[in-house]
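A.B. asks: Let's see this in three dimensions:
(one chain, ligands or ions: 3)
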Amino acid sequence: MAEKSYKLLEPLKVGPVTLKNRFVFAPMGSWYAPPDGYCNQRLIDHYTRMAKGGTALLIGEFLRVNDTDSAYAANMAILNNRYIYGYAELADSVREEGACFVFQIGHAGGNTRSDQIGGLTPISPSPFVNIDNELTREMTLDDINRVEEEFVATASRLQIAGFHGIEIHAAHGYLLSEFLSPRYNHRKDGYGGSLENRARMILEVYDKIRAKCGPNFVIGVRVNVNENFDGHMDGLTMEDVLSFAKIMEARGIDYISCTGADIINQKASVPTMYMTRGYNIANTYIVKKAVKVPVMVAAGMDVKIGEQVLQEGKADLIGIARGLVADPDMPRKLMEGRIEDIRPCIRGGIGCASHARFNKTLACELNPCIGNKSMEIMAESPVIRPKKVLVIGGGPGGMEAARLAAHRGHKVTLYEKTKELGGRLIEASIPDFKEDIRPLITWLKTQLQKENVEVKLGVEATAEVIKKEKPDVLIVAIGAEYTIPTEVSKDKANIMVPEEVTIGKKKVGEKVVVVGGGSIGCDLAIFLAESQKKNVTLSTRQDMVMKDYDEILTAISIWERLPAAGVKVKTGVTFKGFSGGKATFTDREGIDWQLDADRVIVSGGLAPQSDAAAKFDKLAPKVYKIGDCVVVGRIWDAFHTAWRAVLDF
Ligand SMILES: Cc1cc2nc3c(=O)[nH]c(=O)nc-3n(C[C@H](O)[C@H](O)[C@H](O)COP(=O)(O)OP(=O)(O)OC[C@H]3O[C@@H](n4cnc5c(N)ncnc54)[C@H](O)[C@@H]3O)c2cc1C
Ligand SMILES: Cc1cc2nc3c(=O)[nH]c(=O)nc-3n(C[C@H](O)[C@H](O)[C@H](O)COP(=O)(O)O)c2cc1C
Ligand code: SF4
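C.D. replies: Ligands and ions are numbered 1, 2, ... in the order given. Have a look, this model is predicted:
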């Protein structure tokens, strides 16, 4: 498609500013700020990099309005005038890249923990027991007034520092959305009851900031449009959202940003790969139809969906958080007609959502240089003496290593023993609910072609092959193989491993037992129940499936999807064997227990191909082993170990 035909690239007036296109970097906590909230060089580099990619509007991450009861330790803050210098450098740097920059300002309300706010009790419109099991304290009128003034002081300092505006954070279960939502606001005074009353604090914050900062300062607001779901119907209704949007528009708000939900439906705010990409579009469209002020949609937006949303008039601005972290150059690549080069976010959350949960700095499973300027400079610097590089294995580790090495100027050949590139990603992306992984395989294949990597498919690399090739550098990325626990290996003839079903397409009968409650076992159980309509039982020796999975939103998606797919889950049982159509388990009391089954599939784990990998030791002056053949991990590990290896030579 020609450049001009993209609505995504059309300018838009938002209050006092004109945006050069419709791409917005949605607010995304980076945890790059030190605990006191000062703006440091890492933040300046990070946001400048986002702006360099061509995004028109950056919305800075949740910036707390005070240092007492507002939010988490590492949130940004501009608590007094001494903070301004760092923020002014940040604002200047982003402006120089041609982007507009507004900062989201907020107060966590009841959605924080006392140990994050110096031992104070979290405050909220009405008391409630929060997600950390703490009883919050109802705010007094003095509290309300104080926090409003803190919002104003924060906005004013940001204006002095040179930002184009602020976004009022009235979403995600933080303080102002608690006021707005009947789920949390049970006040009997002028701040509770009717929608007008519940919106009062937001309006007062808005009015005070507008009065202080004037008409040339952008003021937007972020609001939940998906608070009610499944059995939880006590949240903000769409009628409430519409009334709120109209009130804000009448007041003079410059844009309305529509997002997912509060803390009890967090996955609506940051939908995982198990959820539809356009999760918030329908409700955003309802808002869009009701107001004239620009409306932003977020969650799972990419170029294709964003463009469609704009073409269909369902929103004016496309908010993208994770997609721009995976590839900050998305807008620039679209402008240059290089859509195929955009690195696709897979919504796995390993690095962004998982890190945020544990107060770790923002990272990305696919883009190791997010927040790491020196790494990016190295990756983009051509090598002085190109080497002959041979990569063994065409999974994500081998492909990414080959891509990066070739990008830096090395001469690269990749051997893949099967007829197809992708490694375990092929198997991983078979279920439709994991389709986000498919564009990653396509992206890697395309980049190998563009970087002139010589790919030898259907050729197993052996010691003889390597000796003949005489590479300067050898990268071994041969992955891992499924294992069956020794205690049940006597029944091997009757037992399958997941790849035999997904890749091998072997028949499994009607009654299937999947053993293993990790992500691979859960995926397989859902896949068999949903798309093959099998009667599936999933067993685990743990007390729950997805136990200890570090990306909680993915775990929640799976916990919800298993029963919805009709999968029966048996916890606390150890698989003992399968014969005569009976799968035998022992429970925690040592009692044996049996289940009729046509087939048992053991998803007990994979073992690194360490012995096979060791055969390549010393076959080149430099040998690196990466990905699953060292330690079985995830795409994160394949990519990050690939980068470590390639940046080492
Ligand atoms: C069902 C399933 C679902 C998964 N889902 C996810 C997910 O959602 N998110 C996530 O982060 N991770 C997921 N993973 C894990 C992820 O796929 C792996 O961690 C990743 O693929 C490892 O990459 P790798 O390149 O090290 O190895 P692999 O992907 O295993 O690739 C190794 C490649 O080397 C080739 N090879 C082996 N020996 C030779 C040789 N001698 N010569 C030439 N070629 C050779 C193999 O054929 C293979 O193509 C999943 C894994 C599985 C099995
Ligand atoms: C690590 C992380 C941090 C986030 N921080 C914020 C934040 O500070 N304020 C906010 O309103 N939303 C925040 N969000 C939500 C995003 O703005 C966005 O709405 C969400 O990620 C869905 O959009 P996406 O699919 O483009 O990522 C965060 C999301 C992630 C993954
Ligand atoms: S870590 Fe995964 S979900 Fe997060 S931005 Fe990167 S690719 Fe997307």
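A.B. asks: Pop the domain breakdown of the protein in here.
C.D. replies: For the chain, automatic domain parsing gives the domain ranges 3-347, 382-480+610-646, 484-604.
A.B. asks: nearest to Asn367, of those?
C.D. replies: Closest to Asn367 of the domains of the chain, according to CB to CB: domain 3-347, at 5.3 Å. All C-beta atoms are positioned from the backbone trio N, CA, C, and that covers glycine.
A.B. asks: mind showing which ranges of this structure have poor pLDDT?
C.D. replies: When residues are selected by pLDDT under 70, those of the chain lie in 1-4, 72-74.
A.B. asks: For the spatially most central residue of the chain, which non-adjacent residue is spatially closest?
C.D. replies: In the chain, the residue lying closest to the centroid (CA atoms, centre = their mean) is Gly349, at 3.7 Å. In this structure, Gly349 finds its nearest non-sequential neighbour in Glu551, 4.3 Å apart by CB to CB, 6 or more residues apart in numbering.
A.B. asks: Would you quantify the distance from the one you found to ligand 3?
C.D. replies: The gap separating Glu551 from ligand 3 is 9 Å, by CB to the nearest ligand atom, to the nearest Å.
A.B. asks: How about Arg408?
C.D. replies: Counting by CB to the nearest ligand atom, the gap between Arg408 and ligand 3 amounts to 22 Å.
A.B. asks: neighbours around that residue, how many?
C.D. replies: When neighbours are counted by other CB atoms under 10 Å, Arg408 registers 21.
A.B. asks: How about the contacts made by the residue lying farthest from the centre of the chain?
C.D. replies: Largest separation from the mean C-alpha position in the chain: Gly580, at 45.0 Å (CA atoms, centre = their mean). Listed by CB atoms under 8 Å, 6 or more residues apart in numbering, Gly580 has no contact partners.
A.B. asks: go on, Arg357?
C.D. replies: Asp550, Glu551, Ile552.
A.B. asks: At which residues are the helices of the stretch 401-550 of the chain located?
C.D. replies: Here the stretch 401-550 of the chain has its helices, by DSSP state H, counting those that start in this stretch, at 424-428, 438-450, 463-469, 498-502, 519-531.
A.B. asks: ranking the ones you listed by burial, who's on top?
C.D. replies: Burial of these is given as mean neighbour count (mean count of other CB atoms under 10 Å); helix 519-531 ranks first at a mean of 23.
A.B. asks: just to revisit the earlier point, tell me the most packed of the contacts of Arg357, by neighbour count.
C.D. replies: Neighbour max across those (other CB under 10 Å) = Glu551, 22 neighbours.
A.B. asks: Got phi/psi on it?
C.D. replies: Main-chain torsions, Glu551, degrees, to the nearest 10: phi -110, psi 100.
A.B. asks: was I right about it contacting His355?
C.D. replies: No: applying CB atoms under 8 Å, one finds Glu551 not in contact with His355, separated by 9.4 Å.
A.B. asks: hang on, the earlier thing: quick one, which of the helices of the stretch 401-550 of the chain is nearest to ligand 1?
C.D. replies: Nearest of those to ligand 1, taken as CB to the nearest ligand atom: helix 424-428 at 3.3 Å.
A.B. asks: Flag every residue of the chain that's near ligand 3.
C.D. replies: For the chain, the residues in contact with ligand 3 (CB under 6 Å from any ligand atom) are 322, 325-326, 345-352, 364-366.
A.B. asks: let's see it at 8 Å
C.D. replies: 273, 321-323, 325-326, 344-354, 363-367, 370, 636 (CB under 8 Å from any ligand atom).
A.B. asks: which residues sit in contact with Ala463?
C.D. replies: Lys615, Phe616, Leu619.
A.B. asks: can you do 6 Å?
C.D. replies: Applying CB atoms under 6 Å, 6 or more residues apart in numbering, we find Ala463 in contact with Lys615.
A.B. asks: Is it possible to mark the buried ones in the residues of the chain next to ligand 3?
C.D. replies: 273, 321-323, 325-326, 344-354, 363-367, 370, 636 (16 or more other CB atoms under 10 Å).
A.B. asks: and ligand 2, which of these contact it?
C.D. replies: Ala321, Arg322, Gly323, Val325, Cys345, Arg347, Gly349, Cys352, Ala353.
A.B. asks: what's the closest residue to ligand 1 within the stretch 451-600 of the chain sitting at in phi/psi?
C.D. replies: Distances between the stretch 451-600 of the chain and ligand 1 by CB to the nearest ligand atom are smallest at Gly479, namely 2.2 Å. Note on Gly479: its backbone torsions stand at phi 80, psi -160 [degrees, to the nearest 10].
A.B. asks: How much space separates it from ligand 2?
C.D. replies: Gly479 sits 28 Å away from ligand 2, going by CB to the nearest ligand atom.
A.B. asks: on that earlier part again, Throw the domains of the chain into JSON lines and include distance to Ser374, thanks.
C.D. replies: Formatted as JSON lines, those follow (distance: least, CB to CB, whole Å):
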{"stretch": "domain 3-347", "distance to Ser374": "9"}
{"stretch": "domain 382-480+610-646", "distance to Ser374": "13"}
{"stretch": "domain 484-604", "distance to Ser374": "27"}
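A.B. asks: and of those domains, who's closest to Glu376?
C.D. replies: domain 3-347 (7.5 Å).
A.B. asks: What separation is there between the residue farthest from the centre of the chain and ligand 3?
C.D. replies: For Gly580 relative to ligand 3 (CB to the nearest ligand atom), the value is 45 Å.
A.B. asks: List the contacts of the top helix by length along the chain.
C.D. replies: With secondary structure taken from DSSP state H, the chain has its longest helix at helix 141-161. With contact meaning CB under 6 Å, 6+ apart, helix 141-161 is reached by 65-66, 78, 84, 87-88, 91, 103, 105, 107, 166, 201, 204-205, 208-209, 212-213, 217.
A.B. asks: re earlier: leaving out sequence neighbours, find the closest residue to the residue of the stretch 451-600 of the chain closest to ligand 1.
C.D. replies: Leaving aside its sequence neighbours, Gly479 sits nearest to Asp628 (CB to CB, 6+ apart; 4.5 Å).
A.B. asks: On the three-state scheme, that neighbour is what?
C.D. replies: helix (DSSP: H, G, I helix; E, B strand; the rest coil).
A.B. asks: tally of neighbours for it?
C.D. replies: 26.
A.B. asks: likewise Asn40?
C.D. replies: Applying other CB under 10 Å, we find 15 residues neighbouring Asn40.
A.B. asks: Distance check, it against ligand 2.
C.D. replies: Taken as CB to the nearest ligand atom, the span from Asn40 to ligand 2 is 17 Å.
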